[in-house]
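Asks: below are the sequence and a predicted model; questions follow.
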2 protein chains.
Amino acid sequence: MSGETWSPPAILIAVDLVILTLRSSELHVLLVERGTEPYRGQHALPGGFLNTADEDIVDAALRELREEANLDLSRLHLEQLGAYGGPDRDPRGRVISIAYLAIAPELPEPVAGTDAARALWTPAADPLSRTTRLAFDHDQILADGIERARTKLERTSLATAFCPEPFTLSDLQQVYEAVWGVRLDQGNFYRKVRGVPGFVLPAGEVRRPTKGRPARLYKAGPRTTLHPPVVRPTLP
Amino acid sequence: MSGETWSPPAILIAVDLVILTLRSSELHVLLVERGTEPYRGQHALPGGFLNTADEDIVDAALRELREEANLDLSRLHLEQLGAYGGPDRDPRGRVISIAYLAIAPELPEPVAGTDAARALWTPAADPLSRTTRLAFDHDQILADGIERARTKLERTSLATAFCPEPFTLSDLQQVYEAVWGVRLDQGNFYRKVRGVPGFVLPAGEVRRPTKGRPARLYKAGPRTTLHPPVVRPTLP
DNA sequence: CACCCTTCCTGTCTAGTTGACAAGAAGATA
DNA sequence: TATCTTCTTGTCAACTAGACAGGAAGGGTG
């Protein structure tokens, strides 16, 4: 970093959020319908501009989430995806956006706030096969967010963040299957998960309202990094 | 992203670079000695501010590298590490820095440029055990860059980017050992690398100026993602 | 030319892990 | 009781990683 002082170029800083959750065993992402130009009426990731020069970036992200979808995710961990700053990504001028990823268990239906006309959960089907395009470069940001979540499932206990506690190992398996888009063998999954020390801890036992044998309940263990990792099946 | 228009907060955008290379089988990072306040005289990562509102961020990174160390890395891939934007990271005001990682084979000795008093290669020993602290939050950025390089060695052909072509498999092994900070069994390493399709391709055969049996030469193969991955020994 | 030294390369053995699949356990329901 | 569903455990073959030995291919030295 050089030490000159001169009149700064006019660059706006924005934040964008990729909020993922599981709804009826499918991966969903939170989108808003834009209420203002540009891209009015199109879907976009929730986000907005930094208010003041000394506002923390994560705080700005949480604030925008409150304003646009009436959601409070201040307890959740926001993981930074990176900065998206192509010179032409916003027709209004130079905007550099810093994107964050968050994983949430069951969430209330979002309500539209001030800036956005509508907020809604949409299936996060493989971004390449999406029919509708998102505003700005948000298709790219969403794809990066999903890919980040996929790789983080392997080496971190992120999957438990999708599950309201207590959860069964079948619940946990559904998370992996939904995010990775694959089917896993139940027996092998049990062996693997229970063989990772500190991944999950037993709780009581409760029968689920479904049919079949009752499932044991677990809660998230103390470990955040998994050894050995839970690797996804190799594709090529 | 919301659509308001108002006077933008005064925020400066900077770029910082983590340039890693191997020198005499040890991992080194390019640092500059700052020639201006703040942190004058202290070591820092090369980098600087965006010149104009429409300058591409990667272009700015390469330009700063030319200015500060007379290095041209325009052929190299710059991977973004993320944005570092804590409100108090720079005493001059609000600065958000976007950090990039680059891997380079043998490079010429850098020469100090305009902004920096001196540019030099320093051993990138484990950042925690460093004796000198870098300026700003560059210790954190450097640590993140090294960690990113470590994980990328497992699943990408990044290691070949450290090696001038053609290289021997011993050269390649030294890359893994230096970046990971571990010793690997030579025989097992051979078996592993040659078992990954498209990782390395044979070239001619040349005896190295050292003693011992001549080594076969290879060049980087077409694959950038490795299947199966080259996993590092598990620590815990 | 023996002989040793160094480094490269290949082979073998064991222990552990993965994937496929079967079978038992524990409830609900007819 | 029989049957259905789902959870849980067990088994077996195929594969992989780590440890290690030993041969191959040069150079150096008497």
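Replies: On my side now, so go ahead. Numbers count the residues shown, from 1 in each chain, chains lettered A, B, ... in the order given.
Asks: close to chain B, is the helix or strand encompassing A:Ala83?
Replies: Taking DSSP states H and E as the criterion, A:Ala83 maps to strand A:79-84. Yes: Strand A:79-84 is in contact with chain B by Cβ under 8 Å from any Cβ of the partner chain, via A:80-83. Where you see a C-beta, it was placed from the backbone N, CA and C, and this is true even at glycine.
Asks: by mean pLDDT, which helix or strand of chain A comes out lowest?
Replies: When the helices and strands of chain A are scored by mean pLDDT, DSSP states H and E, strand A:116-123 comes last with a mean of 82.
Asks: and that strand, what does it pack onto?
Replies: strand A:26-34, helix A:57-69 (3 or more Cβ pairs under 8 Å, 6 or more residues apart in numbering or on different chains; DSSP states H and E).
Asks: select, out of these, the one closest to DNA strand C.
Replies: Closest approach to DNA strand C among those (Cβ to the nearest atom of the strand): strand A:26-34, 21.1 Å.
Asks: pretty sure A:Ile98 is in a strand, no?
Replies: Yes: A:Ile98 forms part of a strand when assessed by DSSP: H, G, I helix; E, B strand; the rest coil.
Asks: surely it and A:Ile57 touch.
Replies: Yes: counting by Cβ atoms under 8 Å, A:Ile57 is a contact partner of A:Ile98 at 5.7 Å.
Asks: and the helices and strands packed on strand A:116-123 as JSON lines, adding mean pLDDT, distance to DNA strand C and mean neighbour count?
Replies: Shown next, in JSON lines, are the helices and strands packed on strand A:116-123 (pLDDT from 0 to 100; distance: least, Cβ to the nearest atom of the strand, whole Å; neighbours: other Cβ atoms under 10 Å in any protein chain shown):
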{"stretch": "strand A:26-34", "mean pLDDT": "93", "distance to DNA strand C": "21", "mean neighbour count": "22"}
{"stretch": "helix A:57-69", "mean pLDDT": "94", "distance to DNA strand C": "35", "mean neighbour count": "21"}
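Asks: about what we covered before: restrict the least confident helix or strand of chain A to CA atoms and write it as PDB.
Replies: Provided in PDB are the C-alpha atoms of strand A:116-123 (Å, rounded to 0.1, in the frame of the first residue of the first chain):
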ATOM      1  CA  ALA A 116     -37.000  -4.300  -2.000                       C
ATOM      2  CA  ALA A 117     -40.400  -4.900  -3.300                       C
ATOM      3  CA  ARG A 118     -40.500  -8.500  -2.200                       C
ATOM      4  CA  ALA A 119     -38.200 -11.000  -0.500                       C
ATOM      5  CA  LEU A 120     -38.600 -14.700  -1.000                       C
ATOM      6  CA  TRP A 121     -36.900 -18.100  -0.800                       C
ATOM      7  CA  THR A 122     -36.200 -19.700  -4.100                       C
ATOM      8  CA  PRO A 123     -34.700 -23.100  -4.900                       C
END
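Asks: against which helices or strands is the following helix or strand past it packed?
Replies: Next along the chain after strand A:116-123, taking DSSP H and E as the criterion, comes helix A:138-155. Judged by 3+ Cβ pairs under 8 Å, 6+ apart, helix A:138-155 is in contact with strand A:12-23, strand A:26-34, strand A:79-84, strand A:95-103, helix A:169-180.
Asks: on that earlier part again, identify whichever of the helices and strands packed on strand A:116-123 lies nearest to chain B.
Replies: Proximity to chain B (Cβ to the nearest Cβ) singles out helix A:57-69 among the helices and strands packed on strand A:116-123, at 5.1 Å.
Asks: what's the angle between the closest one and strand A:26-34?
Replies: 80 degrees (axes from the mean of the first three to the mean of the last three Cα atoms, to 10 degrees).
Asks: for helix A:57-69, packing partners?
Replies: Here helix A:57-69 touches strand A:12-23, strand A:26-34, strand A:47-49, strand A:95-103, strand A:116-123, going by 3+ Cβ pairs under 8 Å, 6+ apart.
Asks: what about A:Arg150, neighbour count?
Replies: 16 (other Cβ atoms under 10 Å in any protein chain shown).
Asks: that one reaches A:Val182, doesn't it?
Replies: No: judged on Cβ under 8 Å, A:Arg150 makes no contact with A:Val182 at a distance of 10.4 Å.
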